[in-house]
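1. here is a sequence with its predicted model. Questions after.
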Amino acid sequence: MSVNLEMGNMSKRNRNHRQGLYQRLNAAFPLAFPLDDAAIRPLARSIRDDVSAWIAQHGFDPRTAKALLGAVQQHGSRRTYQATVLTGAMRINLHGEPVEPVTPEGEAHAQQKITAILAKRAARAPQTSTVKPPKPVVAEPVKAMPTVIVKKRRKVVVPGACPP
C-alpha cells in the first residue's frame, strides 16, 4: 500500500497530518479514497458536497471539517488522480457506485492539470544543462617564507663563581 499525496516541500508533521486525514476518508469510504494508487477512480463532480454532508452528519469541529475538505481537494489535485480521469472511466460516488461518465471537457481539464504539474516539477528540478562548470583555480606562485631568526639567551659564566 502506498499513499502518494504529492505534497511538495511540506513539513513532516503537516504531511503526517494530511495522511491521517486521507486515511480517515479511506476508513469511511474505501472505494472512493483508496490507499493503493492503482485503485484510484474518477470521483463524481458532486463529491465535495457529499463529503460536506457526511461531515455535517458526523458533527466534526469546523477546523477538522475544513482539513477534511482540503484532503479531498488534495486528492483531486494529484497527477495520479488526473491520469485516471484521462482514461475516460465512469465517475463514482462515495460508495463506489458509477454515477456519470467523464466528459471530454473533464478529460481536457485533466490534461491541462497534468501539464501544469509536470511544468512545475520541471521548474523545481535542477537544470543540469545550464549550470556552468566552476572556473579553474589559478594557483599563485608560492612565495618564499620569511626567515625567522631566534636568538637564544646565553648564560655568561664567570670562572670561579658558583652557579646559581
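-> Arrived safely, thanks for sending. Note that the structure is predicted; figures quoted are calculated from it, not measured. Numbering: from 1, shown residues only.
2. CA only for contacts and neighbour counts going forward, please
-> Fine.
3. you'd agree residue 88 is up against residue 105?
-> No. Counting by C-alpha atoms under 8 Å, residue 88 sits too far from residue 105 to count as a contact (10.7 Å).
4. between these two, which contacts overlap?
-> Counting by C-alpha atoms under 8 Å, 6 or more residues apart in numbering, residue 88 and residue 105 have no shared contacts at all.
5. more neighbours: which of these two?
-> Each of residue 88 and residue 105 has its neighbours counted (other C-alpha atoms under 10 Å); residue 88 has more, 16 against 9.
6. quick one: list the elements packing against the longest helix seen in the chain.
-> For the chain, the helix with the greatest residue count under DSSP state H is helix 104-124. Counting contacts by 3 or more C-alpha pairs under 8 Å, 6 or more residues apart in numbering; DSSP states H and E, helix 104-124 is packed against helix 79-86.
7. restrict the helix it packs on to CA atoms and write it as CSV.
-> Provided in CSV are the C-alpha atoms of helix 79-86 (Å, rounded to 0.1, in the frame of the first residue of the first chain):
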residue,chain,number,x,y,z
ARG,A,79,-1.3,13.8,-11.0
THR,A,80,-2.2,10.1,-10.4
TYR,A,81,-5.9,11.1,-10.0
GLN,A,82,-5.8,13.3,-13.1
ALA,A,83,-4.3,10.4,-15.1
THR,A,84,-7.3,8.2,-14.2
VAL,A,85,-9.7,11.0,-15.3
LEU,A,86,-7.9,10.9,-18.7
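8. now do that helix against helix 104-124, angle only.
-> Calculated by axes from the mean of the first three to the mean of the last three C-alpha atoms, to 10 degrees, helix 79-86 forms an angle of 150 degrees with helix 104-124.
9. what is the subsequent helix or strand relative to helix 79-86?
-> strand 90-92 (DSSP states H and E).
10. kind regards, and thank you for your time.
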